[in-house]
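1. sequence plus the predicted model coming up.
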Amino acid sequence: MTHQEILKKVEWKDLKNLSFKEMLIENNLTIPWFVLSITLAYFEYYILALPFSAFFFLAGLRQVHNGFHNSLGTNKFLTWFTLYSNSILLLVSIHAVKFNHIRHHKYCLSEEDYEGKSAKMTWYGAILYGPIHMFLIHKVTLQLGNKKYKKNVILELISTAIFITIAFYFKIDYLIYHILIMILAEFLMAFFAVWTVHHDTEETPEFARTQRGKWKNKITFSMFYHLEHHLFPAVPTIKLPELARRIDNALPEIEKKNTF
């Protein structure tokens, strides 16, 4: 079954629109997790801060991922600001990630898909590849991106460098903690954000892996509905559980490989 045939069989266009409440959720999801993690780190409860830092990172990924596909329900400037501000807090140029993610949808798991390279590796190979992955997506964007992308990447990298310099120069321990944890998280992106959802799908790359466990999806902020996302990238993450239900009802014959 082709992608176009799937689009015709599943009702999905109504899911593109966000209510005001949903828009607020998508645009503010990171705030409580960031506040809790930084507060605990400020009082030097670093171990207790770790899970909240992890949830902040995952919520940040969900937020910018929706921004990549213009699914935050906000105007261009606010969407841009979301990507820019998260670049500083997540310690990576989000516009570089965006450039490679859009290419990932276009060239999924081909030689031109730089984001998806770790999908063909072993799980431990994808983990070891993590630092190279982060360097490569910036390099590719600066080489292949248009002037607007390059300008945003440079701005984000400079802003992030200033943030890191301030934290270390003034020895702000809770910010140093945050920086170190975010760097570690970014180095694991090739494994968690690519390998887990795409390994062993090279023959049918448009059919990524997915997750159907209710609680697994709750604790991962619905980020592992990846089959659904690749088939309908314009649908916001908050609507993916409903989209998954519709796909299951309309196309029960589609093989659904589990993420974890």
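-> Nice, I can see it. Numbers count the residues shown, from 1 in each chain.
2. hang on, residue 149 in a strand?
-> No: the assignment for residue 149, made by DSSP: H, G, I helix; E, B strand; the rest coil, is helix rather than a strand.
3. test my guess that residue 229 contacts residue 208.
-> Yes: the criterion here is C-beta atoms under 8 Å, and residue 229 meets it with residue 208 at 7.3 Å. Bear in mind the C-beta positions are built from the backbone N, C-alpha and C, glycine included.
4. of these two, which one has the most company?
-> Counted by other C-beta atoms under 10 Å, residue 229 and residue 208 do not tie: residue 208 has more neighbours, with 26 against 22.
5. the more buried one should be in a helix, yeah?
-> No: looking at residue 208 with three-state DSSP, it is coil, so not inside a helix.
6. list the contacts of it.
-> By C-beta atoms under 8 Å, 6 or more residues apart in numbering, residue 208 lies in contact with 197, 198, 201, 226, 227, 229, 230.
7. could you identify the helix or strand that succeeds the helix or strand of the chain with the lowest mean pLDDT?
-> Each helix and strand of the chain was given a mean pLDDT (mean pLDDT, DSSP states H and E); the minimum falls on helix 3-9 at a mean of 84. Next along the chain after helix 3-9, taking DSSP states H and E as the criterion, comes helix 20-28.
8. tell me the mean pLDDT for that next one?
-> For helix 20-28, mean pLDDT rounds to 97.
9. and it, what does it pack onto?
-> Counting contacts by 3 or more C-beta pairs under 8 Å, 6 or more residues apart in numbering; DSSP states H and E, helix 20-28 packs against helix 46-68.
10. go through the helix it packs on and flag the buried ones.
-> Residues of helix 46-68 classed as buried by neighbour count (16 or more other C-beta atoms under 10 Å): 46, 49, 52-53, 55-68.
11. and stretch 21-33, by the same measure?
-> Buried positions in stretch 21-33, judged by neighbour count with 16+ other C-beta under 10 Å: 23, 26, 27, 29, 30, 33.
12. can you give me the helices in the protein?
-> Applying DSSP state H to the chain gives helices spanning 3-9, 20-28, 30-42, 46-68, 76-90, 94-106, 123-144, 147-169, 173-187, 189, 196-198, 214-219, 226-231, 240-250.
13. now distance to residue 249 too, for the contacts of residue 208, in JSON lines please.
-> Listed next are the contacts of residue 208 as JSON lines, based on distance: C-beta to C-beta, whole Å:
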{"residue": "197", "distance to residue 249": "23"}
{"residue": "198", "distance to residue 249": "25"}
{"residue": "201", "distance to residue 249": "23"}
{"residue": "226", "distance to residue 249": "19"}
{"residue": "227", "distance to residue 249": "15"}
{"residue": "229", "distance to residue 249": "18"}
{"residue": "230", "distance to residue 249": "19"}
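14. which pair in those residues spans the largest distance?
-> 201 and 229 (13.3 Å; C-beta to C-beta).
15. just curious, which of the contacts of residue 208 is nearest to residue 111?
-> residue 198 (14.8 Å).
16. wouldn't the closest one be in contact with residue 104 here?
-> No: counting by C-beta under 8 Å, residue 198 stays clear of residue 104, with 9.2 Å between them.
17. which neighbours do these two share?
-> Counting by C-beta under 8 Å, 6+ apart, the shared contacts of residue 198 and residue 104 are residue 116.
18. which one's more surrounded, the two?
-> Counted by other C-beta under 10 Å, residue 198 and residue 104 do not tie: residue 198 has more neighbours, with 27 against 24.
19. model confidence for that one, exactly?
-> At residue 198, pLDDT is 97.
20. OK, contacts around it?
-> Contact partners of residue 198, counting by C-beta under 8 Å, 6+ apart, are 109, 116, 119, 205, 208, 209, 226.
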